[in-house]
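[1] what's the 3D shape of this:
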Amino acid sequence: MIKRIQQTLFILGILSCITVAQEVELSDYIVPVSRAVTVRFNGNWNFSQTGDSVLSNNAGGSLLYKRFYSSQPLAWFITVDATGGKNFNNYNHNFKSVGRFRKYVWDEKDWFGDATLTMQHTNSFKQVASDFVVGFGYGRYINATPLAKAVRIEDHLLRDGVLYGNMPKENMIAIANIIQKEDEYKALYSSVYENAWLRDIEYEIQKSDSVKDENIGSLGVLRMRQVLFGINERVNERYYGWDVTMGFLFRMTTFDKSQVGAPSLSLRSQYSVPLGWSSQFNWTADVSTPMDSGFAKEAQGHVAADFIFELSNRINLVSGYRLTALNKINTSINLIHNLDFSFWYYVENNVYLTINSNYVKEKGKPRQFTSNVGLQYNFY
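    Sure, this is the predicted structure:
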């Protein structure tokens, strides 16, 4: 059995290396500086009357405020999401605000601090609920999905004969940086952001001097949209690096003015390694325990591992394992195992096949196995 597993992993490793030679690697990607402000307000009022009877007299509104700054050494985010309204003399509202700050202590070193403040209130409760999480950690964990999307776009354009050959590394990273800034484009251009976003990506492709004609044409724009918006294909999340974080959660206030309880101590780690451009392995683990008499006696933990293998841009294999451990005072540890497997197969304009299966085993409960198959065939 072990020998078969080793042979299978060896074959997958060989297949992941069979691809067009790229001039850029996933680990070349560095998160760009991105900043934006979004303020949106919607309001409505509805009134209807029949004779002397008022049938409806409703008003409502929503406010969304987002502001963020994101870079590799420093990132902060502020979000305010509020809704409210009235129905005759009945008023309702929901308010939530989240602020997060992460800063690396030294740009050239990997120590960082992290803090998050969350506040929420609704008309159903007496006061504002608020949580504060503060922590510190070590490591660098980079989301390089934009670069994977840039490579996928390049693969399309090469197969369609739009490009002479692979674009230089500098252009690929510049394209990935534009892809990364989608939220910034949304904030600046609102509902018409797609036009400006795709235009800047196309301009960077043309700067590479790899385009055969004057521009990438309608086919090139179509391929960009397919990759960026997940049309008929999927680009899985890609990461590289690792980090370890220790944090303290302080529940400052609750909705119903009940006791907030003791703060909790949490430890979290994550690790990802790309295996060429076709495979990815992700691993995360976290554990938390209350900082009171139940410290180290009462805890909960999670471990998760994922393996992704892209046979092509239309064929994906994704498998994952989750282990949850719950331990309370004077009780035995409860373990929950969750194993899932997914297969996606898409042939343009013809067949779309999905296979998903899931297995769950929890102590003291019967095993659960579920599976489903989906098939779509387009005749015309």
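
[2] what does stretch 341-356 rub up against?
    For stretch 341-356, contacts defined as CB atoms under 8 Å, 6 or more residues apart in numbering pick out 232-234, 314-320, 340, 357-358, 371-378. Just so you know, the C-beta spots here come from the backbone N, C-alpha and C atoms, and that holds for glycine as well.

[3] not counting its neighbours along the chain, what's nearest the most centrally placed residue in the chain?
    Nearest residue to the geometric centre of the chain (CA atoms, centre = their mean): residue 237, 7.5 Å. Spatial nearest neighbour of residue 237, excluding adjacent residues (CB to CB, 6 or more residues apart in numbering): residue 145 at 5.2 Å.

[4] next, count neighbours for that neighbour.
    18 (other CB atoms under 10 Å).

[5] do residue 312 as well
    Residue 312: 12 neighbours (other CB under 10 Å).

[6] quick one: the residue nearest to the centre of the chain and residue 205, what's the gap?
    23 Å (CB to CB, to the nearest Å).

[7] next: residue 29.
    From residue 29 to residue 205 the distance is 17 Å (CB to CB).

[8] ok, these two, which is more surrounded?
    Comparing residue 29 with residue 205 by neighbour count (other CB under 10 Å), the higher total belongs to residue 205, at 26 against 23.

[9] quick one: that one is in a strand?
    No: assigned with DSSP: H, G, I helix; E, B strand; the rest coil, residue 205 falls outside any strand and is helix.

[10] contacting residues around it?
    In this structure, residue 205 makes contact with 157, 167, 171, 175, 211, 216, 220, judged by CB under 8 Å, 6+ apart.

[11] per-residue pLDDT, residue 270?
    Looking at residue 270, its pLDDT is 89.

[12] to clarify, my last question referred to residue 287.
    87.

[13] surely it meets residue 247?
    No: applying CB atoms under 8 Å as the test, residue 287 and residue 247 come out as separate, 11.6 Å apart.

[14] overlap in contacts of those two?
    Here residue 287 and residue 247 share the contacting residues residue 266, scored by CB under 8 Å, 6+ apart.

[15] the two: which is more packed in?
    Shown here are residue 287 and residue 247; by other CB under 10 Å, residue 247 has more neighbours (19 against 16).

[16] which of the helices or strands spans the nearest residue to the more buried one once chain neighbours are set aside?
    Among residues not flanking residue 247 along the chain, residue 135 sits closest, at 2.7 Å (CB to CB, 6+ apart). Element membership of residue 135 [criterion: DSSP states H and E] is strand 129-143.

[17] C-terminal to the lowest-mean-pLDDT helix or strand in the chain, what's the next element?
    Lowest by mean pLDDT, DSSP states H and E among the helices and strands of the chain is helix 2-17, with a mean of 47. Next in sequence after helix 2-17, counting helices and strands by DSSP H and E, comes strand 34-50.

[18] what does that following strand contact?
    Counting by CB under 8 Å, 6+ apart, 54-71, 180-181, 183-184, 186-188 sit against strand 34-50.

[19] quick one: which of these sit in helices?
    180, 183, 184, 186, 187, 188 (DSSP state H).

[20] thought residue 77 was touching the second one, still the case?
    No: counting by CB under 8 Å, no contact exists between residue 183 and residue 77, whose distance comes to 10.2 Å.

[21] now list whatever residues contact both of these two.
    Common neighbours of residue 183 and residue 77 (CB under 8 Å, 6+ apart) are residue 68.

[22] where does pLDDT dip in the chain?
    Where the chain drops to pLDDT under 70, the residues are 1-23, 34, 329-331, 347-350, 376-380.

[23] hang on, the earlier thing: give me the sheet partners of the strand holding residue 135 and which way each runs.
    The strands beside strand 129-143 in its sheet (DSSP bridges) come out as strand 111-122 (antiparallel), strand 239-253 (antiparallel).

[24] for these, give me CSV that also has distance to residue 201.
    Below are the strands paired with strand 129-143 laid out as CSV (distance: least, CB to CB, whole Å):
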stretch, distance to residue 201
strand 111-122, 31
strand 239-253, 22
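
[25] which one of those strands lies closest to residue 271?
    strand 239-253 (4.1 Å; CB to CB).

[26] show me which residues of that closest one are buried.
    239, 240, 241, 242, 243, 244, 245, 247, 249, 250, 251, 253 (16 or more other CB atoms under 10 Å).

[27] in those residues, find the pair that's most separated.
    240 and 253 (39.3 Å).

[28] which elements pack onto the helix or strand hosting residue 321?
    Element membership for residue 321 (DSSP H and E) is strand 315-327. For strand 315-327, the packing partners by 3 or more CB pairs under 8 Å, 6 or more residues apart in numbering; DSSP states H and E come out as strand 299-312, strand 334-347.

[29] now the angle from it to strand 334-347?
    170 degrees (axes from the mean of the first three to the mean of the last three CA atoms, to 10 degrees).

[30] so what strands line up beside strand 315-327?
    By DSSP bridges, strand 315-327 pairs with strand 299-312 (antiparallel), strand 334-347 (antiparallel).

[31] and the ones you listed: which comes nearest residue 163?
    Per CB to CB, nearest to residue 163 of the strands paired with strand 315-327: strand 299-312, 18.6 Å.

[32] wait, what's in contact with the closest residue to residue 26 other than its chain neighbours?
    Distances taken as CB to CB, 6+ apart put residue 274 closest to residue 26, at 4.5 Å, once the chain neighbours are dropped. Contact analysis of residue 274 by CB under 8 Å, 6+ apart lists 26, 27, 144, 238, 239, 240, 280.
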